[in-house]
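K.L.:
structure for this input, please:
(one chain, ligands or ions: 1)
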Amino acid sequence: MDDIPASTLTPAGFPVLVDPRRIQALLAELEASEPELTPILSPAELSRLSADFHSYSPVLGPLLKGKRAQVAVKACRVDQVLAVAGACARHRVPLTLRGAGTGNYGQCVPLAGGLVLDLTGLDRLREVDPASGVVEAEAGCLMADLDRLLEPHGRALRLAPSTCRTATLGGFVAGGSGGLGSLRWGFLRDPGHLLGLEVVTVEPVPRLLRLEAAASAPLNHAYGTNGIITALRLATTEAVAWQQLVVSFAGWEAALEAARDLPTTALLLHALCLLEAPVAAAMPWPAGCPAAGPGEHRLLLHAAPDTLEVLPPWLAERGGRICWRGPQPEGGGGRALPLWELTWNHTTLHWRAQRQDWTYLQLLLPRPEAPLLEAVRRRWGEDVLWHLEGVRHQGAPRLAALPLVRWQGEQALADLTDQCRELGAVLFNPHVITVEDGGLGVVDADQVAAKAAYDPAGLMNPGKLRGWPGRSRQPPEC
Ligand SMILES: Cc1cc2nc3c(=O)[nH]c(=O)nc-3n(C[C@H](O)[C@H](O)[C@H](O)COP(=O)(O)OP(=O)(O)OC[C@H]3O[C@@H](n4cnc5c(N)ncnc54)[C@H](O)[C@@H]3O)c2cc1C
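P.N.:
Residues are numbered from 1 along each chain as shown. Predicted structure coming up:
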């Protein structure tokens, strides 16, 4: 170990790749104990299973280029997860967990080689409590599938990413933050959403633990650095037949005011997204919805059926015209484009599909929002375009922003983020790889303590928890 040059070590002090003999030993052991676990060794498959959607960031792209697991396996049962966790710990092989791999910050890109564990095979709904609506489901359940299974119980997930048709429940809790439903329910880490976890530890003799809500919190948004989540217990909400509405505005100020004021009414809304005219013009709209014309700003809403008497006149008084309305597509979408796939980071996805030299930021805007939006416009002109999302932050309605930003280099990006911070925005930086740097920048001692308890050798997703490196200066033997 001593003669490995520092440049080949990850931030966690791991060698960039594990000695192939240790991987072979691990595989031999798994083959004997779990013959159904087929190791994936093809370079193309390993590249696919080591990638996510960090390509939105021109900063992360070069940083993560070429990072690849040495082997991958797909678990379909909890006992298989236990077998893999134990083998990784005994052979000191870094372990990176993977749901659908739709994260945006390189969360499931293995920095130190080792093994990628695909959890999409763990996809069973275990229980829905008829009295409370609390659901227990396995980590690999696709979120839209889970919502469909909840429907006959009259329940629905409170929060989902706009990737809910492809993303897993475990990946959302470990790597996401909010999205659809955040207008009403805030963010995943708000107390009351995550009620418990089933977790496998990464130790020579792994443990299968059931954690209650408080003990589960440190694993929430920890990028799979401090325990393998095999099942989750979540609070749900009543199922509502949300109506999709597209509202057209000729003026930005009027659209912004409507977006600010709507969440303060008694109208039941699930999501609210405001797109500035050039962004709206670039979106692929659902069938039957007219394309946005020049200068037309668009407000996208998911509204309860009982809002439909009051909402049209309320919007008209503020200069808004409903230009399209439709029910959510049956069965989570099928081939139809759901309106939610124009919101959150899907807006970025569609914009970048034609303009790869653009990136984005994630901000919680100060109140009032207009001074910041105008100051940025004065300095950056059409190189920053506004895409806002309605959220609930610490109990109050707020607007978050995922502005589209023409890439002009790291210094320009830093200047823009400095300006936004100076004007009162909170930045959730999508151009960094650690849990802490993408959040509020501070180490969460509880996350680090959970890692010490459930991953004492520091094998899980090395390099992603900034609070840990000091503890893992004893890297695995090579
Ligand atoms: C177009 C687009 C739109 C998006 N919209 C949103 C949005 O609205 N809201 C939002 O929050 N995010 C959004 N994202 C990011 C991402 O899609 C979500 O966070 C999603 O929920 C991640 O789920 P996944 O199954 O793909 O997780 P992955 O990307 O596979 O994993 C995410 C992280 O969780 C870890 N992990 C996975 N499974 C487990 C487990 N069982 N136990 C412990 N750790 C685990 C991984 O190691 C990784 O660090 C978007 C991304 C894209 C590309």
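K.L.:
avg pLDDT for stretch 100-115?
P.N.:
For stretch 100-115, the mean pLDDT works out to 97.
K.L.:
quick one: that stretch to chain centroid distance?
P.N.:
Relative to its chain's centre, stretch 100-115 lies at 13 Å (Cα atoms, centre = their mean, to the nearest Å).
K.L.:
from here on, call the first residue 52.
P.N.:
Sure thing, new numbering starts at 52, so read that last one as stretch 151-166.
K.L.:
can you give me the end-to-end distance of that stretch?
P.N.:
Terminal residues of stretch 151-166 are spaced 16 Å apart (Cα to Cα, to the nearest Å).
K.L.:
over to stretch 264-275?
P.N.:
Start-to-end span of stretch 264-275 (Cα to Cα) is 17 Å.
K.L.:
repeat for stretch 114-121
P.N.:
The first and final residues of stretch 114-121 sit 19 Å from each other (Cα to Cα).
K.L.:
which parts of it are buried?
P.N.:
The neighbour-count criterion (16 or more other Cβ atoms under 10 Å) identifies 115, 118, 119, 120, 121 as the buried residues of stretch 114-121. C-betas here are computed from N, CA, C, even on glycine.
K.L.:
taking those residues one by one, which sit in helices?
P.N.:
residue 115 (DSSP state H).
K.L.:
of all the buried residues of stretch 114-121, which comes closest to the ligand?
P.N.:
Distance from the ligand was checked for each of these by Cβ to the nearest ligand atom. The minimum falls on residue 120, at 11.6 Å.
K.L.:
low pLDDT regions in the chain?
P.N.:
Low-confidence segments of the chain, defined by pLDDT under 70: 52-67, 382-384, 521-529.
K.L.:
tell me who's in contact with the residue most central in space within it.
P.N.:
Centroid-nearest residue in the chain, with Cα atoms, centre = their mean: residue 227, separated by 2.7 Å. Taking Cβ atoms under 8 Å, 6 or more residues apart in numbering as the contact definition, residue 227 lies against 154, 212, 218, 239, 272.
K.L.:
any idea whether the first one is helix, strand or coil?
P.N.:
This points to residue 154. Classification of residue 154 using DSSP: H, G, I helix; E, B strand; the rest coil returns coil.
K.L.:
might one say that it is in contact with residue 107?
P.N.:
No: the pair residue 154 and residue 107 does not pass the contact test of Cβ atoms under 8 Å, sitting 10.6 Å apart.
K.L.:
list the buried ones in stretch 349-365?
P.N.:
Buried residues in stretch 349-365, counted by 16+ other Cβ under 10 Å: 349, 350, 351, 352, 353, 354, 355, 358, 362, 363, 365.
K.L.:
narrow the residues you listed to those in strands?
P.N.:
349, 350, 351, 352, 353, 354 (DSSP state E).
K.L.:
list phi and psi for the residue lying closest to the third one once chain neighbours are set aside.
P.N.:
Counting by Cβ to Cβ, 6 or more residues apart in numbering, the nearest residue to residue 351 once its immediate chain neighbours are dropped is residue 324, at 4.3 Å. Note on residue 324: its backbone torsions stand at phi -140, psi 130 [degrees, to the nearest 10].
K.L.:
next: the one 4 residues further on.
P.N.:
When read as degrees, to the nearest 10, the backbone of residue 328 gives phi -50, psi -50.
K.L.:
contacting residues for the residue of the stretch 402-529 of the chain found nearest the ligand?
P.N.:
Taking Cβ to the nearest ligand atom, the ligand has its nearest neighbour within the stretch 402-529 of the chain at residue 512, 5.4 Å off. Neighbour list for residue 512: 145, 146, 147, 148, 158, 159, 161, 162, 274, 275, 276 [criterion: Cβ under 8 Å, 6+ apart].
K.L.:
list the contacts for residue 181?
P.N.:
Contacts of residue 181 were listed using Cβ under 8 Å, 6+ apart, and they are residue 204.
K.L.:
quick one: it and residue 204, what's the gap?
P.N.:
7 Å (Cβ to Cβ, to the nearest Å).
K.L.:
could you do residue 506 as well?
P.N.:
In this structure, residue 506 and residue 204 are separated by 35 Å, where distance is defined by Cβ to Cβ.
K.L.:
so for these two, which residue has more residues nearby?
P.N.:
Each of residue 506 and residue 204 had its neighbours counted (other Cβ atoms under 10 Å), and the higher figure belongs to residue 506 (27 against 15).
K.L.:
give me the phi and psi angles of that one.
P.N.:
Backbone dihedrals for residue 506, given as degrees, to the nearest 10, come out at phi -140, psi 60.
K.L.:
I'd guessed residue 96 sits against residue 123; true?
P.N.:
Yes: using Cβ under 8 Å as the test, residue 96 is close enough to residue 123 to be in contact (6.9 Å).
K.L.:
of these two, who's got more company?
P.N.:
residue 123 (24 against 13).
K.L.:
got the contact list for that one?
P.N.:
90, 91, 96, 97, 100, 101, 149, 166, 167, 168, 169.
K.L.:
show me which of those residues are buried.
P.N.:
Applying 16+ other Cβ under 10 Å to the contacts of residue 123, the neighbour count classes 91, 97, 100, 101, 149, 166, 167, 168, 169 as buried.
K.L.:
out of the buried residues of stretch 349-365, which comes closest to residue 129?
P.N.:
Distances from residue 129 to the buried residues of stretch 349-365, taken as Cβ to Cβ, are shortest for residue 353 (34.9 Å).
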